[in-house]
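In: fold the stuff below for me.
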Amino acid sequence: STSDFVVRNRIVGLLGYRKEYGKKYGGATTITLGYVGAQNNPFSYIVAGDLNGDRVSNNDLLFVPHKASDIRFAPLTVGTTVYTEAQQQAAFDAFINQDPYLSTRRGQYAERNGGLLPYLHRFDLSVAQDIFVKIGGKRNAFQIRMDILNFGNMVNNKFGVTQRVTAPQLLNFVSRDAVTNVPTFRLATQRLTDGSTI
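Out: Here you go, the predicted structure:
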């Protein structure tokens with residue numbers, strides 16, 4: 001399977017400009033812009049609980065159905081709202097359709113570390129000012145430097161922000177039918193920072 005530490009795609013670039021002026025008491029200004037674009041941190045879509053009965057929880061890969069109605073759901077209560085099987089099937093289907101990776105895995109298991117986060121775009125800006133001084137007939141330079149790490153985030157607050165997967169468990173395993181061996185699930189929920197649950 002794909003390593004937890006794989007970097008699928010990475011672009012690194014550096015653009016610099018230096019302007020020197022004056023002779024005896026001059027100086028130079030250097031401006032450098034660095035860029036790193038990377039797609040890191042692969043993750044796996046899994047089922048919460050022990051779906052395969054191996055006594056290890058939260059490690060079974062998610063099966064992506066051809067259509068969500070192929071999966072059985074138990075009623076789900078969130079606060080005072082009860083979501084029916086049909087509502088959960090529709091929500092699960094909508095989630096699969098909007099996900100670029102899962103939508104390609106219909107009728108198959110999700111791959112270990114098959115999911116990818118969006119690109120991280122990071123720009124760093126450096127400005128260096130050299131001051132030339134002649135001492136004892138030789139030119140010496142003193143430098144004042146300013147580095148702004150993650151400069152792009154000051155321009156666009158979506159740049160330079162690392163994303164993380166907080167809930168790769170899309171389904172919670174509830175039980176297995178004793179006769180047909182068909183599993184039943186509930187859609188996973190997540191509590192947001194404002195206290196609401198989705």
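In: who touches the longest helix anywhere in the chain?
Out: Counting residues, the longest helix found in the chain (DSSP state H) is helix 85-98. The contact list for helix 85-98 (CB atoms under 8 Å, 6 or more residues apart in numbering) reads 64, 67-69, 71-76, 83, 102-103, 106, 170-171, 186-187. From N, CA and C alone the C-beta is placed, and that goes for glycine too.
In: for the record, mean pLDDT for stretch 53-66?
Out: On average, the pLDDT along stretch 53-66 is 91.
In: chain center to that stretch, what's the gap?
Out: 22 Å (CA atoms, centre = their mean, to the nearest Å).
In: list the buried residues in it.
Out: Residues of stretch 53-66 classed as buried by neighbour count (16 or more other CB atoms under 10 Å): 60-65.
In: swap in stretch 89-96?
Out: Applying 16+ other CB under 10 Å to stretch 89-96 flags 89, 92, 96 as buried.
In: so which of the contacts of helix 85-98 are in strands?
Out: 64, 72-73, 76, 83, 170-171, 186-187 (DSSP state E).
In: show me which of those is closest to residue 43.
Out: Within the ones in strands among the contacts of helix 85-98, the smallest distance to residue 43 is 11.7 Å, found for residue 170 (CB to CB).
In: show me the contacts for the closest one.
Out: By CB under 8 Å, 6+ apart, the contact set of residue 170 is 45-47, 62, 92, 95, 187-188.
In: any chance of the residues you listed in TSV, with distance to residue 194 too?
Out: Below are the contacts of residue 170 laid out as TSV (distance: CB to CB, whole Å):
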residue	distance to residue 194
45	26
46	26
47	27
62	28
92	24
95	21
187	20
188	18
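In: for the residues you listed, which one is nearest residue 28?
Out: Distance to residue 28 across these (CB to CB) is lowest for residue 45, with 53.0 Å.
In: name the element the residue lying closest to residue 13 once chain neighbours are set aside belongs to?
Out: Leaving aside its chain neighbours, residue 13 sits nearest to residue 35 (4.5 Å; criterion: CB to CB, 6 or more residues apart in numbering). Per DSSP states H and E: residue 35 is located in strand 27-39.
In: same question for residue 144.
Out: Using DSSP H and E, residue 144 sits in strand 138-148.
In: fine by me, thanks again.
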